[in-house]
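Enquirer: I would like to see how this sequence folds:
(one chain, ligands or ions: 1)
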Amino acid sequence: LRHLITLDGMSRDEIVALLDLAQFYARTPGELAARDQTLAGHTVANLFFEPSTRTRVSFELAAQRLGADVVNLDMQSSSRVKGETVLDTIYTLQAMQADILVMRDAEPGLPAYVAKYVAPHVCILNAGEAHLSHPTQGLLDALTVRQAKGDFSKLKILIAGDISHSRVARSAWHAFTTLGVKELRIAAPEDLLPGQDEFKGAERFTNIDKAISGVDVVMTLRIQRERMSGASIPDEATYHRTFGITAERLTKANKDAIVMHPGPMNRDVEIASDVADGPQSVIQRQVTNGVAVRMAVLATIARNVQARRHFQ
Ligand code: CP
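Expert: Next up, the predicted model:
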């Protein structure tokens, strides 16, 4: 692994290796925080051109816990707002020896484009790309499901909400299908379901009550109004009544089903507040796993950076 742009095309073995390493970090965070120096001598730069709480902070903590130097660019006050191109920003950081660049951007294709132009020892990690890809989120979701439920080949998983605009749904679909999920369902109001050319193999629903019936995992998603133009979305109260994950609706899933949400949540819109905080919710576990997964990705990438430096 050099760059992490997408989970599309990543093998089952590669994903399992990352999850296994993340599981190791998830079990021993306190001890490792004091001792692990896997990333000593590396500089991780966080470049978030879209808002983030979980992903940015967890990349920062993950890098620090592995002994890296970390810089967080405040993109509102970076030179990009003065017209500097993203590549010139990247070259500037590269010239200051930043070698792992974590990027979030609303423009599709930007991480792959930047990855083509960076120096051979520099790595690009996609921390959220438009509606297309959020690979570390897909990995942390897979880790959370694996911890709670084990074998994917026995699981029925539902992803519900604004599928059409969701990079989280796309990366989760890649992870879950590569890991051999038994059945994947996607459910959204008609306007928020993606075209048939996407989410191959998933069963599609526009009725949430049918979709949730008998599943082991319910992942619900925020409506991404910032990515919409023209979709007709009901008001929040109507959406909650017709599509929200409520305690009553959750009884239709398997009794031991887990409830997931990538955050940020809109309580009592896509998910009822009592469900978000209830006994079946693993939402906080997802956040905790985010640090471990990002440690695993950074450690794996760093091994390859060292190898390339060695041969330069
Ligand atoms: N899940 C997720 O990407 O959250 P943030 O936008 O807070 O990073």
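
Enquirer: who touches the helix or strand harbouring residue 242?
Expert: Taking DSSP states H and E as the criterion, the element that holds residue 242 is helix 236-243. Contacts with helix 236-243, where a contact means C-beta atoms under 8 Å, 6 or more residues apart in numbering, come from 160-161, 187-189, 208, 223, 233-234, 246, 266, 268-270, 272. Quick note: C-beta positions are derived from backbone N, CA and C, even for glycine.

Enquirer: if we go to 6 Å?
Expert: 208, 268-269 (C-beta atoms under 6 Å, 6 or more residues apart in numbering).

Enquirer: check stretch 181-199 too.
Expert: 152-160, 162-164, 173, 176, 202-206, 208, 211, 231-232.

Enquirer: isn't there a helix covering residue 287?
Expert: Yes. Judged by DSSP: H, G, I helix; E, B strand; the rest coil, residue 287 forms part of a helix.

Enquirer: that one: neighbouring residues, count only.
Expert: A total of 17 residues lie near residue 287 under the criterion other C-beta atoms under 10 Å.

Enquirer: and if you look at residue 104?
Expert: Count around residue 104 with other C-beta under 10 Å applied: 25.

Enquirer: now it: how far from the ligand?
Expert: Residue 104 is 8 Å from the ligand, where distance means C-beta to the nearest ligand atom, to the nearest Å.

Enquirer: mind listing what that residue touches?
Expert: Counted by C-beta under 6 Å, 6+ apart, residue 104 has contacts 48, 50, 52, 127-128.

Enquirer: and those residues near the ligand, which?
Expert: Counting by C-beta under 6 Å from any ligand atom, 52, 128 from these sit close to the ligand.

Enquirer: what's the farthest-apart pair in the contacts of residue 104?
Expert: 50 and 127 (9.1 Å; C-beta to C-beta).

Enquirer: looking at the two, which one has more neighbours?
Expert: Neighbour comparison, residue 50 and residue 127: the larger count goes to residue 127, with 27 against 17 (by other C-beta under 10 Å).

Enquirer: what sits closest to that one if chain neighbours are left out?
Expert: residue 104 (4.3 Å; C-beta to C-beta, 6 or more residues apart in numbering).

Enquirer: quick check: which element contains the one you found?
Expert: strand 100-105.

Enquirer: buried residues, that strand. List them.
Expert: By 16 or more other C-beta atoms under 10 Å, the buried positions in strand 100-105 come out as 100-105.

Enquirer: can I get that strand in PDB? Just the C-alpha atoms.
Expert: Output of strand 100-105 as PDB, limited to C-alpha atoms (Å, rounded to 0.1, in the frame of the first residue of the first chain):
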ATOM      1  CA  ILE A 100       2.000  11.600   4.500                       C
ATOM      2  CA  LEU A 101      -0.700  13.900   3.300                       C
ATOM      3  CA  VAL A 102      -4.200  13.300   4.500                       C
ATOM      4  CA  MET A 103      -6.800  15.000   2.200                       C
ATOM      5  CA  ARG A 104     -10.500  15.700   2.300                       C
ATOM      6  CA  ASP A 105     -12.100  17.600  -0.600                       C
END
